[in-house]
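# Compute the structure for the input listed below.
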Amino acid sequence: MPFTDLPLAELRAYRPVVREPDDFDAFWRTTIAEARQAATTAGVEPVLTPASTPITELVVEDLVFPGFAAEPVRAWVTRPRRPRDERLPVVVEYLGYNGGRGLPGERVQWALAGYVHVVMDTRGQGSGWGNGGDTPDPHASNGQVAGWMTNGILDPHEHFYRRVHTDALRLVDAVRTLAFVDPARVAVTGGSQGGGIAIAAAALAESHGDGVVAVMPDVAFLADWEHGAEVALSDPYQELVRYLAVHRDHAEAVWTTASYLDGVNFAKRITAPALFSVALMDEIVPPRTTFAAFNALASEDAVIEVYPYNGHEGGGGHHWPKQARFLAGHL
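Residues are numbered from 1 along each chain as shown. Below is the predicted model:
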């Protein structure tokens, strides 16, 4: 497989012009305020129940929390067996495209390392890989290409990722209320789509309350949308291309909507320590789009691990120990 993008030196200097709407901050301020108010009005709070699992050496629980419009979103919470009043640091993880939270106890590394590990179910997804999801997305979209990129693409208020990014922040809100969580030590991570969601969650956390202690996106998707669609070799970016090939007169509306969701615009608002990863033979997420977000960070403490000979799997199991060392160094 060849390198799929620019030479590494050019990637490190890549700072594209990405549309940024004048009301970007106001859009998200209103969105988050409405979601928080909806939960308050409805009297909905996070609920934890024991998960059905043969795992006995860790505590595994099913979390239901109010997301966008106070709609129920599920997550797995996995943690070491400690006194319930002992407050532990947290790693919140978001998942890749069309994957669901799967089965309880599937992901235990962070819990075994002494963290509370929270895995968010991505609304509407969960049927593309893994072991399924449990969170519906009750919002319809007219005229979308199969997938999620064009769901609500003509209006940022209607777009799928407005709901998902709101869910992501509301999960950070929820975990901070748990008795066994140290609310000052919350980190966010995720791969591919999950990396893009983690970037949004970190930015929104800084803008709408307490920030996170670290953001760790891997082969991050959902940044530099317009250029990603021009150079990506496969879906999901190609969903946008197929949509515009049919709806030839919708390009301005498409890229305007994308600007409210672009990871580059979120990254500009992140000052938290950041550990990114990127793979130079990635046919799904063009390396330039991950670098676009990384190079836009406002953080003074930011590192990007480059995996030159890997595709979208990125660093895989080799990258997790680097994340663990990075996070331990910031706690």
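
# When you work out contacts or count neighbours from here on, use the C-alpha atoms and nothing else.
OK.

# doesn't D224 make contact with D262?
Yes - here D262 lies in contact with D224, judged by Cα atoms under 8 Å, at a distance of 6.1 Å.

# for P308, what are its contacts?
Residues counted as contacts of P308 (Cα atoms under 8 Å, 6 or more residues apart in numbering) are 3, 279-281.

# Name the nearest residue to the residue nearest the centre of the chain, ignoring sequence neighbours.
Residue closest to the average C-alpha location in the chain (Cα atoms, centre = their mean): I197, at 1.7 Å. If the residues on either side of it in the chain are set aside, I197 comes closest to H165, at 6.1 Å by Cα to Cα, 6 or more residues apart in numbering.

# quick revisit: gap between the residue nearest to the centre of the chain and P287?
17 Å (Cα to Cα, to the nearest Å).

# coming back round to it: just the element for the residue nearest to the centre of the chain, please.
Element membership for I197, per DSSP states H and E: helix 193-207.

# Format the CA atom coordinates belonging to the lengthiest helix in the chain as CSV.
The longest helix of the chain (DSSP state H) is helix 24-42. The C-alpha trace of helix 24-42 is given here as CSV (Å, rounded to 0.1, in the frame of the first residue of the first chain):
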residue,chain,number,x,y,z
PHE,A,24,-19.8,28.9,15.6
ASP,A,25,-19.5,29.5,19.4
ALA,A,26,-23.1,30.8,19.7
PHE,A,27,-24.4,27.8,17.8
TRP,A,28,-22.8,25.4,20.2
ARG,A,29,-23.5,27.5,23.3
THR,A,30,-27.2,27.4,22.4
THR,A,31,-27.1,23.7,21.6
ILE,A,32,-25.5,22.7,24.9
ALA,A,33,-27.6,25.0,26.9
GLU,A,34,-30.8,23.5,25.3
ALA,A,35,-29.6,20.0,26.0
ARG,A,36,-28.8,20.7,29.6
GLN,A,37,-32.1,22.5,30.1
ALA,A,38,-34.1,19.7,28.5
ALA,A,39,-32.7,17.2,31.0
THR,A,40,-33.4,19.6,33.9
THR,A,41,-37.0,20.2,32.7
ALA,A,42,-37.6,16.5,32.2
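
# List the buried residues for it?
The neighbour-count criterion (16 or more other Cα atoms under 10 Å) identifies 25, 28, 31-32, 34-36, 38-39 as the buried residues of helix 24-42.

# Partner strands of the longest strand seen in the chain and their direction?
When the chain is parsed with DSSP state E, its longest strand is strand 181-191. Strand pairing for strand 181-191, using DSSP bridges, gives strand 88-94 (parallel), strand 214-218 (parallel).

# would you turn those into a markdown table with distance to G191?
Shown next, in a markdown table, are the strands paired with strand 181-191 (distance: least, Cα to Cα, whole Å):
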| stretch | distance to G191 |
| --- | --- |
| strand 88-94 | 7 |
| strand 214-218 | 4 |
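
# Looking at those strands, which is nearest to P321?
strand 214-218 (12.3 Å; Cα to Cα).

# angle of that closest one against helix 193-207?
160 degrees (axes from the mean of the first three to the mean of the last three Cα atoms, to 10 degrees).

# how about strand 214-218 as CSV, C-alpha atoms only?
The C-alpha coordinates for strand 214-218 follow below in CSV (Å, rounded to 0.1, in the frame of the first residue of the first chain):
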residue,chain,number,x,y,z
ALA,A,214,-6.2,15.3,28.2
VAL,A,215,-7.5,14.5,24.7
MET,A,216,-6.2,11.5,22.9
PRO,A,217,-7.6,11.0,19.4
ASP,A,218,-6.3,8.2,17.1
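
# downstream neighbour of that strand in the secondary structure list?
Note on strand 214-218: by DSSP H and E, the next helix or strand toward the C-terminus is helix 225-231.

# Show me which residues of that next one are buried.
Buried, per 16+ other Cα under 10 Å, within helix 225-231: 225-229, 231.

# Tell me which residues are up against that helix.
Under Cα under 8 Å, 6+ apart, the answer for helix 225-231 is 18, 237-238, 240-241, 255, 258, 262, 285-286, 288-289.

# how many neighbours does the nearest residue to T290 once chain neighbours are set aside have?
Using Cα to Cα, 6+ apart and skipping the chain neighbours, the partner closest in space to T290 is A220 (5.5 Å). By other Cα atoms under 10 Å, 33 other residues sit near A220.

# Same check on S127?
By other Cα under 10 Å, 13 other residues sit near S127.

# how much space between it and Y97?
S127 sits 10 Å away from Y97, going by Cα to Cα.

# likewise E71?
Applying Cα to Cα to E71 and Y97 gives a distance of 21 Å.

# Ok, E313 next?
Computed as Cα to Cα, the E313 to Y97 distance reads 13 Å.

# okay, how far is it across stretch 281-300, tip to tip?
End-to-end for stretch 281-300, by Cα to Cα: 28 Å.

# and what of stretch 95-102?
Stretch 95-102 has an end-to-end distance of 10 Å (Cα to Cα).

# Noted, bye for now.
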